[in-house]
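Participant: need a structure here:
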Amino acid sequence: MYVARVPNRNSPPAILLRESYRVGDKIKTRTLANLSRWPEAKIQALARVLRDEPVAAPADRFEIERSLPHGHIAAVLGMARKLGLDRLLPRRPSRLAKLALAMIVARVVGPAAKLATARQLSAATAAHSLGAVLELGPVDEDELYLALDLLLAAQPKIESALARRHLKGGCLVLYDLTSSYLEGRCCPLAQYGYSRDGKPGKLQIVYGLLCAADGCPVAVEVFDGNVGDPSTLAAQVTKLKQRFKLDRVVLVGDRGMITQARIREDLKPAGLDWVTALRAPAIQALAADGPLQPSLFDDRDIGEIHSPDYPGERLIVCRNRELAAERARKREDLLAATEKDLAAIAAAVTRARQPLRGKDKIALKAGGVLGRRKMAKHFELTITDTSFVFVRNTAAITREAALDGFYVLRTNVPTEVLDTTTTVLAYKALAGVERAFRSIKTVDLEIRPIHHRLADRVRAHVFLCMLGYYLIWHMRQAWAELLFDDHDRPAAAAARPSPVAAAKISPAAHTKAARKHTADGRPVHSFRSLLHDLATLTRNRVRFGDAPPVVMLARPTALQQHAFDKLAIAITP
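Facilitator: Residues are numbered from 1 along each chain as shown. This is a model prediction of the structure:
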């Protein structure tokens, strides 16, 4: 480390504390602190310390007054500024604008309730350097709620800016829904509905995420917890057409989202194209009527068919052999488990002591067993007041097994615009939205538990988590080489003729996951563990003798420096 005086053309020179380091054969320099406001005597004393020259007492005293985890803050905040996210947020009032940015960054580095976040940011109780870097001073949780309100008011403007960046006319747009449960009973949005969290006894909200074709999040919207998936589509069509001003868009959604009614009433009138999939009954109808012949796919995994029931549309049949084997195994397991429970009912009917009697009572117990595993269509029951007989419906099981591993996509996009393989990969891109939901709900951002009582606060909380995922998504792209992620999907797709296989993890990524090291020997991390590693790079407030304290950073490890190089941002104090 050394003190450098950098001349300025029309002002006094800048006095900087710098450090030189080597990257391969190159010598690079980074700035650790700006000393321009220091008194000259203090600068000279520090220069002598760095040159290992003796310093007269009492300036020879050295003390670290405070040391805070900093590397993860520098990475996430640096990425937010590199992406211009701070410039998309409201600028006034300035303190609330800083707090809004701080909450987004804090959500990425350490998800917590608003009270805990306030303590993480406050100088006296800081858990990391974010509050010091943004010069927040004491932070109260009520201020964070005001910053949430400011963030929600700016949501339309921010989402429109993100749409201009990532969505263009004629592009693919991914849309999917999920739900999260709430604590308490006071929020107007909280309703009982289909729980994707496995919490049917809790009130919940539903929220839909719009993403670009590569999975980058663009917009999010919160709905009542009992809303059906298809009924949310109209709001997204309006958003794409009116707010984002997109004339031509291909909307990609799952089979429960883009239904025939929604195509007729929402997509066609708006002039939007779509890619979706057929439900199981519709696939069985195609097989029964003849257009879909499973035997044609013994030697191939993909093909197009046509049906008069879908005029002007392309139907793309895909077969996933691994999925077929898994479904056959799971079906047999469920059949066996159901037979075991039905046999227990049959034994109860025929036992000598207190046998189960009554057609209604027997049927009620049998219905509960069949409904638990959804096996009613695979069994035939004969029930009287004194007997109970069950057998497998082999015909129904055979019909279902013949279509194991098959799924059918439907789209109105012409082949010259979106060929067969590209259409399949476009639908499989919905997995990117599912990854976003996993990140938001559990892996990275921990959107739950939601304790907010006001509807707008819940909306703001969900939007805050979406912006946090926006940062995580870009950081994952830059860090793909260092993470347990596939960083070579284009090569994987090119290497495999089957579009089903093309969506799987590449051999290079499989080797990286198996060896737990990258090709150049660096340890492979999860996103969260890499942040924890960066957190060991500390920001230190150091005092030399009686001089005012100075901020200095710990020396980064080779991995930490490489992580910042991948982000293409400097390590700043």
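Participant: domain assignment for this protein?
Facilitator: Domains of the chain are assigned by automatic domain parsing as 2-69+536-567, 155-320+405-453, 323-402, 488-524.
Participant: which stretch among the ones you listed comes nearest Leu88?
Facilitator: domain 155-320+405-453 (4.9 Å; Cβ to Cβ). C-beta here means a position set from N, CA and C on the backbone, and glycine is covered the same way.
Participant: start and end of the closest one, how far apart?
Facilitator: 20 Å (Cα to Cα, to the nearest Å).
Participant: now it, how far from the chain's geometric center?
Facilitator: 15 Å (Cα atoms, centre = their mean, to the nearest Å).
Participant: who's in contact with Ala285?
Facilitator: Asp309 (Cβ atoms under 8 Å, 6 or more residues apart in numbering).
Participant: mind listing what's buried along the helix or strand hosting it?
Facilitator: Using DSSP states H and E, Ala285 sits in helix 280-289. Across helix 280-289, burial judged by 16 or more other Cβ atoms under 10 Å covers 282-284, 286-287.
Participant: related to what we said a few turns ago, for the domains of the chain, which one sits closest to Ala75?
Facilitator: Relative to Ala75, the nearest member of those by Cβ to Cβ is domain 2-69+536-567, separated by 6.2 Å.
Participant: for the stretch 451-573 of the chain, which segments count as helices?
Facilitator: 455-479, 489-495, 499-502, 507-515, 527-535, 558-567 (DSSP state H, counting those that start in this stretch).
Participant: average pLDDT across the helix or strand Arg262 falls within?
Facilitator: Per DSSP H and E: Arg262 is located in helix 260-262. Per-residue pLDDT values over helix 260-262 give a mean of 93.
Participant: same check on stretch 70-86?
Facilitator: Averaging pLDDT along stretch 70-86 yields 96.
Participant: just how off-centre is it within its chain?
Facilitator: Offset of stretch 70-86 from its chain centre (Cα atoms, centre = their mean): 18 Å.
Participant: which residues touch the nearest residue to Val551 once chain neighbours are set aside?
Facilitator: Distances taken as Cβ to Cβ, 6 or more residues apart in numbering put Pro573 closest to Val551, at 5.0 Å, once the chain neighbours are dropped. Listed by Cβ under 8 Å, 6+ apart, the contact partners of Pro573 are 32-33, 70, 133, 539, 551-553.
Participant: most neighbours among those, which one is it?
Facilitator: In terms of neighbours by other Cβ atoms under 10 Å, the contacts of Pro573 top out with His70 at 27 neighbours.
Participant: excluding covalently adjacent residues, which one is nearest to that one?
Facilitator: Nearest non-adjacent residue to His70, counting by Cβ to Cβ, 6+ apart: Arg539, 3.6 Å away.
Participant: same check, this time on Gly215
Facilitator: Among residues not flanking Gly215 along the chain, Gly432 sits closest, at 2.7 Å (Cβ to Cβ, 6+ apart).
Participant: could you check how far that neighbour is from Val252?
Facilitator: Distance, Gly432 to Val252, using Cβ to Cβ, to the nearest Å: 10 Å.
Participant: buried ones in stretch 390-403?
Facilitator: Buried residues in stretch 390-403, counted by 16+ other Cβ under 10 Å: 390, 393, 397, 400, 403.
Participant: list the contacts for the nearest residue to Ala113 once chain neighbours are set aside?
Facilitator: Nearest non-adjacent residue to Ala113, counting by Cβ to Cβ, 6+ apart: His451, 6.9 Å away. The contact partners of His451, taken as Cβ under 8 Å, 6+ apart, are 113, 182-184.
Participant: in CSV: these, plus neighbour count, secondary structure and distance to Phe463.
Facilitator: Below are those laid out as CSV (neighbours: other Cβ atoms under 10 Å; DSSP: H, G, I helix; E, B strand; the rest coil; distance: Cβ to Cβ, whole Å):
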residue, neighbour count, secondary structure, distance to Phe463
Ala113, 12, coil, 17
Leu182, 22, strand, 16
Glu183, 15, coil, 19
Gly184, 12, coil, 20
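Participant: ok, so of these, who is nearest Trp473?
Facilitator: Ala113 (24.0 Å).
Participant: do you know how far the closest one is from Ala337?
Facilitator: For Ala113, the distance to Ala337 equals 41 Å [Cβ to Cβ].
Participant: which stretches of the stretch 1-150 of the chain form strands?
Facilitator: Under the criterion DSSP state E, counting those that start in this stretch, the stretch 1-150 of the chain contains strands at 2-6, 14-23, 26-34, 62-69.
Participant: the stretch 301-450 of the chain now?
Facilitator: With strands called from DSSP E, counting those that start in this stretch, the stretch 301-450 of the chain shows them at 302-305, 314-319, 379-383, 388-392, 406-411.
Participant: before we move on, back to that, nearest to Pro217, out of the strands of the stretch 1-150 of the chain?
Facilitator: Closest among the strands of the stretch 1-150 of the chain, using Cβ to Cβ: strand 62-69, at 26.9 Å.
Participant: what sits up against that closest one?
Facilitator: With contacts defined as Cβ under 8 Å, 6+ apart, strand 62-69 is touched by 49, 126-129, 132, 535-545, 549.
Participant: and that strand, how far out from the chain middle?
Facilitator: For strand 62-69, the gap between its own C-alpha mean and the chain's C-alpha mean amounts to 36 Å (Cα atoms, centre = their mean).
Participant: partner strands of it, with direction?
Facilitator: Applying DSSP bridges to the sheet, strand 62-69 is found paired with strand 538-544 (antiparallel).
Participant: against Ala161, how distant is the residue nearest the centre of the chain?
Facilitator: Most central in the chain under Cα atoms, centre = their mean is Ala436, positioned 1.9 Å from the mean C-alpha point. Ala436 sits 19 Å away from Ala161, going by Cβ to Cβ.
Participant: Leu144 against Thr117, yeah?
Facilitator: Yes - Leu144 lies in contact with Thr117 (Cβ atoms under 8 Å); the separation is 6.3 Å.
Participant: now do the shared contacts for these two.
Facilitator: Common contacts of Leu144 and Thr117, defined by Cβ under 8 Å, 6+ apart, comprise Met103.
Participant: list the buried residues in the top helix by length along the chain.
Facilitator: In the chain, ranked by residue count with DSSP state H as the criterion, the top helix is helix 321-350. Counting neighbours by 16+ other Cβ under 10 Å, one finds that the buried residues in helix 321-350 are 324, 327, 331, 335, 338-339, 341-342, 345-346, 348-349.
Participant: cool, stretch 516-535 as well?
Facilitator: By neighbour count on 16+ other Cβ under 10 Å, the buried set for stretch 516-535 is 518, 524-525, 527, 530-531, 533-535.
Participant: can you redo the residues you listed as a markdown table with pLDDT and distance to Arg314?
Facilitator: Output for these, formatted as a markdown table (pLDDT from 0 to 100; distance: Cβ to Cβ, whole Å):
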| residue | pLDDT | distance to Arg314 |
| --- | --- | --- |
| Thr518 | 79 | 41 |
| Val524 | 90 | 41 |
| His525 | 92 | 42 |
| Phe527 | 94 | 38 |
| Leu530 | 95 | 42 |
| Leu531 | 96 | 44 |
| Asp533 | 96 | 48 |
| Leu534 | 97 | 47 |
| Ala535 | 96 | 50 |
